[in-house]
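K.L.:
based on what follows, work out the 3D shape:
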Amino acid sequence: MNRKATALDVAKRAGVSRSAVSLVLNGRGDGNVAKDSQERIRQAAQELNYTPNAIALSLRNQRSRVIGIVSDEVVVSPFDGNIIGGADDIARSRGFVTVVMDTELDAARDASAIETLLDRQVDGLMYVTVGLKPLDVPQGMLRVPSVLANCYDSHIQPRLHHVIPDEVGGGREATRHLLQLGHRDIALLAGSADSPAAPLRVQGYREALTAASVLIREDRITNAGWDIDAGFHGAMKLLDGVSPAERPTAIMCANDRLAVGVALAAARLGLSIPADLSVMGYDDEARIADTMVPALTTMALPLRDIGRAAMTSLLDSIEDGTSTTAAPAAETMVPCRLVLRESTGPAPR
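P.N.:
Predicted structure coming up:
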């Protein structure tokens, strides 16, 4: 059986001292070890498949190197899962592991989940939600470095750093895409008014039309809901019994399921996508946006990037010894990305 590589093996291969290896692989290399030496140490550790002993590290640093993550719906949702995946990427790359607890959308279980993780001596906590929403932050999150991902503190004076998607920018970018294709009559199925994300996407839509000097028609904005049937009925109201000159040339949707409903309505009415009607989605939901026929142009929520940014902020706070609640809570907004497919095209003449 091959012997497991040690820190001394890494030091010999990199041509540095044993203490330099410890500093670099424990995240304290900057300011103590030259940059080129740091690179040689990381390369040698990778070649030798060396990882520091987690138990020894925790005893030395008084840390468990475990991050607790509470999620409201990870078991059934691709959204939370992607955020957690991005967070775990960063945690593993920095020598931490994650433990996830799912509250299944039961806010009453939040406090007990946090206390369970704190009892396990986690170094920090992250709360992740399936959709953008305010959070009644459990008090336990204020006892250790903590961060919010895809949600924000509902307290009148927010206490925790949160990382969220730039929903206004996403709505603006989606509308600009259609404007650049020559569309001037763009309808919007805006989701539900009770969702914090929906009005932000509408705001972006309004800003893009205003910047392009296009008249905003209030009758083109509908709070339709979020599901396929809502998209179908919303589109039928816009398109059925309307002359080509009076119907919108493009319909923007607040999520991809609405866009599927719009496509079904267009098929019912004999309209071709995108020749007669362009359809724009939002979310880039797996197995929906890319499998729709035609494939759906949409705005991708930056889920993994949200997870990465939130975990980076949290681990920086832990390793720097700074409190996440000592200063006014910060906000990080991550841009949404336009995904071009076949459901949008030039406006009909």
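
K.L.:
going forward, measure contacts between C-alpha atoms and count neighbours the same way
P.N.:
Noted.

K.L.:
for the strand ranked longest in the chain, give the mean pLDDT please.
P.N.:
Secondary structure of the chain per DSSP state E: the longest strand is strand 124-135. For strand 124-135, mean pLDDT rounds to 91.

K.L.:
gap between that strand and the chain center?
P.N.:
The chain centroid and the centroid of strand 124-135 are separated by 11 Å under CA atoms, centre = their mean, to the nearest Å.

K.L.:
so, low pLDDT: which residues of the protein?
P.N.:
1-2, 27-28, 52-63, 74-80, 105, 321-329 (pLDDT under 70).

K.L.:
biggest helix in it by residues?
P.N.:
Counting residues, the longest helix in the chain under DSSP state H turns out to be helix 303-320.

K.L.:
related to what we said a few turns ago, next SSE after the longest strand of the chain?
P.N.:
The helix or strand immediately downstream of strand 124-135 is strand 146-153, counting by DSSP states H and E.

K.L.:
pairing partners for that next one, with directions?
P.N.:
strand 124-135 (parallel), strand 162-165 (parallel) (DSSP bridges).

K.L.:
now what about the last one, what contacts it?
P.N.:
Yep, that's strand 162-165 we're talking about. 132, 147-153, 301-302, 306, 309-310, 329-336 (CA atoms under 8 Å, 6 or more residues apart in numbering).

K.L.:
helices of the protein, start to end?
P.N.:
7-14, 18-25, 35-47, 54-61, 78-93, 110-119, 167-180, 197-211, 228-239, 256-268, 303-320.

K.L.:
nearest to Glu218, of those?
P.N.:
helix 197-211 (10.2 Å; CA to CA).

K.L.:
which strands or helices does the closest one pack on?
P.N.:
helix 167-180 (3 or more CA pairs under 8 Å, 6 or more residues apart in numbering; DSSP states H and E).

K.L.:
quick one, the helix it packs on and helix 197-211 angle?
P.N.:
Interaxial angle of helix 167-180 relative to helix 197-211 (axes from the mean of the first three to the mean of the last three CA atoms, to 10 degrees): 40 degrees.

K.L.:
for helix 167-180, the distance to its chain's centre please.
P.N.:
For helix 167-180, the distance from its own C-alpha centre to the chain's C-alpha centre is 18 Å (CA atoms, centre = their mean).

K.L.:
and if you look at stretch 149-167?
P.N.:
Counting by CA atoms, centre = their mean, stretch 149-167 comes out at 13 Å from the chain centroid.

K.L.:
then it to CSV, C-alphas only?
P.N.:
Provided in CSV are the C-alpha atoms of stretch 149-167 (Å, rounded to 0.1, in the frame of the first residue of the first chain):
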residue,chain,number,x,y,z
ALA,A,149,-27.9,33.4,-0.4
ASN,A,150,-30.8,34.3,-2.6
CYS,A,151,-32.6,35.9,0.4
TYR,A,152,-32.1,38.9,2.6
ASP,A,153,-32.7,39.9,6.2
SER,A,154,-36.2,41.2,6.8
HIS,A,155,-35.1,43.1,9.9
ILE,A,156,-35.5,46.9,9.6
GLN,A,157,-31.7,47.2,9.9
PRO,A,158,-30.3,44.2,8.0
ARG,A,159,-27.6,42.4,10.0
LEU,A,160,-26.1,39.8,7.6
HIS,A,161,-24.4,40.0,4.2
HIS,A,162,-26.6,38.7,1.5
VAL,A,163,-25.9,37.6,-2.1
ILE,A,164,-28.8,37.9,-4.6
PRO,A,165,-29.3,38.0,-8.4
ASP,A,166,-29.5,41.3,-10.1
GLU,A,167,-33.2,41.0,-11.0
